Structure formats: C-alpha cells, structure tokens
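**Q** Turn this into a model:
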Amino acid sequence: MAEQDDKIKELWQEIEHLIEAQDSTALRQLLGEQRSSDIAEVVEFVDDEQRGVIFDVLAKPMAAEVLEKVNEATRATLFELLQENEIKDIVSELDYDDAADLLAELPEEIMQKVLGSLAREDSQEIRKLMTYSEDSAGGIMDPIIISVHEDATVAEAISKIRAAEIDEDFYSVYVTNKTGRFLGDVRIRFLLTKPEDTKIEKLIDPDTIHVTTNTDQEEVRNIFSKNDLIVVPVLDKNHKLVGRITADRVIEVAEEEAAEDLYAMAGTDADELDKFSAFHAARIRMTWLLPCLIGTAITAMVMTFFRTHNQIVFVVAAAFVPMIAAISGNAGLQTSAIVVSGLATGHLAALKFSQVFTREVRVALLVALSCSILGGLACALLIYSKAAEKTIEPVRLIFAFGTAMFSAIMVATTLGLLLPFLFRRIGIEPAISSGPLVTTANDSISVAIYMSLAVILTS
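**A** Numbering: from 1, shown residues only. Prediction:
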C-alpha cells in the first residue's frame, strides 16, 4: 500500500510540474502511459484548474474511464468544468450501464441534451436502463448480450460470437425460443468441444440461475455469493432476456451497499459525498441529529419528572444513569448489528425470525444477568457508605440498579432484534435500526425504567 501511495504521489508531482510548465505534449504522453485508476486518484487531489487541463489532454476513452472512477464529489465538480459536447463525447465511450449511471448524476436539463445528442440506438438503450430503479437488477445490468435460438447449431453460435461487437468478457451464450423467452445458457467450453452440427438445444443448462429486472441489487449480490457465479442473466416480467450482470459489477454493488449501511448506522447519508461543501455535509448530518436532540430532551424531561419525588434518591441514582444507558444501548446495538448483517448477506438464519429470536433471547438473558450482577456490585462499592446509609437504604438502590440494568438490556435487545425485521418488511433500510435515532430511543427507555424502579423501590 505504501509503495502504491508513493507511486501516486510521484505521478501527482510529475503532472503538476508539466502543468506549470504548460507542456501539453509531455503531459498527454505521460497520462497515456498510466492506468485510469491512478489518474483518477490524482484528479481527486488536484484543484479545478488542473483538472480542466488534465481532461483537455486525455484521450476520450481514458477520460471516460477516469470520470467513471473518481468519487462522486469530484465527478460533480468535473461536470461543472466540462462542456456539454465534452460530456457527450465521454458518455459515448462508456458502456450503456455505466453511461446510464453517470447521466443520472447530471441535472435533468443537461442530461436530456446529452441524450439527445447521442446516436438514436445508444440513446434508446440508455433511456431504457434509466427507467429501472438504480438499486435493481435492471438498473445495474449490461444490456449487451449474445443469444441464439434453440434450433441453432454450435457452428452458428460460434459464428454469431465472432460477429458480435462486444468488448466485455463473456462466459456463456444464452438461448431463447422463437418468441424470445429465456431457456437457459450454454457454456463456451461446450461450443469449443462439441461437433459443429450439434444442436444448441441439446447443450442447454435448463437450471441456469437468473434474476428479474426488479430484483433488488442486494439480493443479486447474495445470489452471486451463494452460488459462486461469474455472470447471471436478467429477465423481464415476461421471462424474456434483457441483459446480464457480471461479477465486477456485483463487487461495486457490494461496496455501495456496505457504504450505505455504514452511513445509516452512523446517522448520515451517502449524499454527503456529492459535494465538498461543509454546509452541505452539516445539513445532512443535522437532519439526523435534530431528532436525536429531541430524544435527549425527552430523556432530560424524564429525569426532571423523577426529581420531584425524592431529591436525595434522584441525586444518588442519577450518577448511575450513564452506565445504564451506555450498557443497554450497546447491548441493543450488538443485537441489531448481528441481525442487520444477517439480513444484508442473506444468511438463512437471519431470514428465519423465530430461529433468530430464540437464539438472541437466550444470549440477551445471559448478558443482562451478567451485567446486572456486575453492575450491582459496582454500584454497591460506589454508594455503600455511612453518608448514604443516613439518607437512603443502599441495598434498595443497588437492587433497583441491578433490576433496571437487566430490564433495560432486555428491552434494548428486543428493539435491536425486532426493528431490523420490521424495517425490512415495510421497505426501510434495516441498518437505520442501528443508527442514532434508535440508540437515543433506547437511552430514553432505559433511563425511564431505571428511575422508575429507583423511586419505587426506595420510597
């Protein structure tokens, strides 16, 4: 990793030197010898003026690759720097699926102008892809496929492969009937080893795994993982072949899904990366933090309510509120993290609620019992003094603390278990159940349980 960082730093310095020297010829030659991924890293670091110079000298195919690989914030800046005709030239170099993803990030007016300037066939294919949800199989598929009819021969299939204009790797030929319905696939190795007059219908694998255009991309990722796939065909609602998804695209999906879950659990959003603006990022974060502020205010109101009953009990009991809130909150977070991870990966155990519930309740009981005993001992060491004995009965408060710790952990764990399944059922990202909103709710509930028991048991 250090060696790669040094390489990027050295390239960055060379590029800056050539830009300062205004040596476009040498800069073009230097960039032509580099990987697009390395250029993309440099482009993310340089200023806007230097980005403009770099894209002016880059060959269009390389410019397309670089634009695709830079982060969203940098790409948004480049869209502002590039002219419409430059964007059009770059888009025309991309595969249809990549072009659709890139154009979706443009303002509507510019997107329509670029689409209108493309060749009619290219524009139609890209528009069709853009009608699918960006998180669905249709939204991430490549519409370029090689297919033959079931009555074709091996020789005809090979001839079609040779005639196909496709620059992507492919591993099988898809087979359809006369009406276009998908029948299965034939591996390339069969085409190379069978006699040329062999009918394709005899080589079809009828159990070919496929997905539909509305299959969620997370489910597509799980299908690839479970079945060790390299490519999977995509069918429409009429079972007709419309595209394919390759493993490299699924890797991108996995990275996107992991990032989205991480943002949701942290209480922010991937949109924060669209711009470098600190105000933009702060607005997104405050969208999540304001409800948390309200939640903590509710917790404060709960504390204030119990203060009116017995101020001495309140003062002593309040010292242990952070311990109750932190332990119960983290216990709930552990449970929700396990469930969210299981749902995201499609693990069978995580999809069976009854099985997960039985296991997690047993775990929660053991954790709650252990924490209540250890917490009670810590509470005893801290409050059992002569001063405390004159004002309240420490044994009752210790019992209240232990009981509250047990109850709060059980409640928080139950929420951590139920909410991911509930959110998934109603179409909300389950990872949100591990976010700050739910954590704040856990704190309020656990504090209310503790203070109620403390007042009741010490009165």
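
**Q** right, and the helix or strand after the helix or strand of the chain with the lowest mean pLDDT?
**A** Here the helix or strand of the chain ranked lowest by mean pLDDT, DSSP states H and E is helix 386-391, holding a mean of 46. Using DSSP states H and E, the next helix or strand after helix 386-391 towards the C-terminus is helix 394-425.

**Q** and that following helix, how far from the chain's centre?
**A** Remark: helix 394-425 is offset 29 Å from the chain centroid, using C-alpha atoms, centre = their mean, to the nearest Å.

**Q** Show me the shaky parts of the stretch 351-459 of the chain.
**A** Within the stretch 351-459 of the chain, the stretches with pLDDT under 70 are 351-352, 383-393, 429, 431-438, 457-459.

**Q** And Met286, which helix or strand is it part of?
**A** helix 278-307.

**Q** Which strands or helices does that helix pack on?
**A** Here helix 278-307 touches helix 311-318, helix 436-458, going by 3 or more C-beta pairs under 8 Å, 6 or more residues apart in numbering; DSSP states H and E. Where you see a C-beta, it was placed from the backbone N, CA and C, and this is true even at glycine.

**Q** low pLDDT regions in the stretch 201-350 of the chain?
**A** For the stretch 201-350 of the chain, counting by pLDDT under 70, the residues that fall below are 257-278, 280-281, 284, 288, 306-316, 344-350.

**Q** those strands in it, which residues are they?
**A** 211-212, 231-235, 241-246 (DSSP state E, counting those that start in this stretch).

**Q** closest one to Leu369 among those strands?
**A** Nearest of the strands of the stretch 201-350 of the chain to Leu369, taken as C-beta to C-beta: strand 211-212 at 45.4 Å.

**Q** and that closest one, which strands flank it?
**A** When pairing is defined by DSSP bridges, strand 211-212 lines up against strand 231-235 (parallel).

**Q** Identify the bridge partners of Asp205.
**A** Beta-bridge partners of Asp205, as defined by DSSP bridges: Asp185.

**Q** Hmm, it is touching Val186, no?
**A** Yes - shown here, Asp205 and Val186 form a contact pair, counting by C-beta atoms under 8 Å, at 7.1 Å.

**Q** neighbour-wise, which of these two wins?
**A** Val186 (24 against 14; other C-beta atoms under 10 Å).

**Q** residues near Tyr174, how many?
**A** Residues near Tyr174, counting by other C-beta under 10 Å: 22.

**Q** name the element it belongs to?
**A** strand 172-176.

**Q** by contact count, what packs against that strand?
**A** strand 147-149, helix 154-163, strand 182-187, helix 188-193, strand 241-246.

**Q** swap the cut-off to 7 Å and go again
**A** If you count contacts as 3 or more C-beta pairs under 7 Å, 6 or more residues apart in numbering; DSSP states H and E, strand 172-176 packs onto strand 147-149, strand 182-187.

**Q** how big is the angle separating it from strand 241-246?
**A** 160 degrees (axes from the mean of the first three to the mean of the last three C-alpha atoms, to 10 degrees).

**Q** What angle do helix 154-163 and strand 172-176 make with each other?
**A** Going by the same axes, to 10 degrees, strand 172-176 makes 120 degrees with helix 154-163.

**Q** And the average pLDDT for strand 172-176 is what?
**A** Regarding strand 172-176, the rounded mean pLDDT is 89.

**Q** Run the chain-centre distance for it.
**A** That offset, for strand 172-176, works out to 32 Å (C-alpha atoms, centre = their mean).

**Q** How about stretch 75-93?
**A** On C-alpha atoms, centre = their mean, the centre of stretch 75-93 falls 26 Å from that of its chain.

**Q** Many thanks, I have nothing further to ask.
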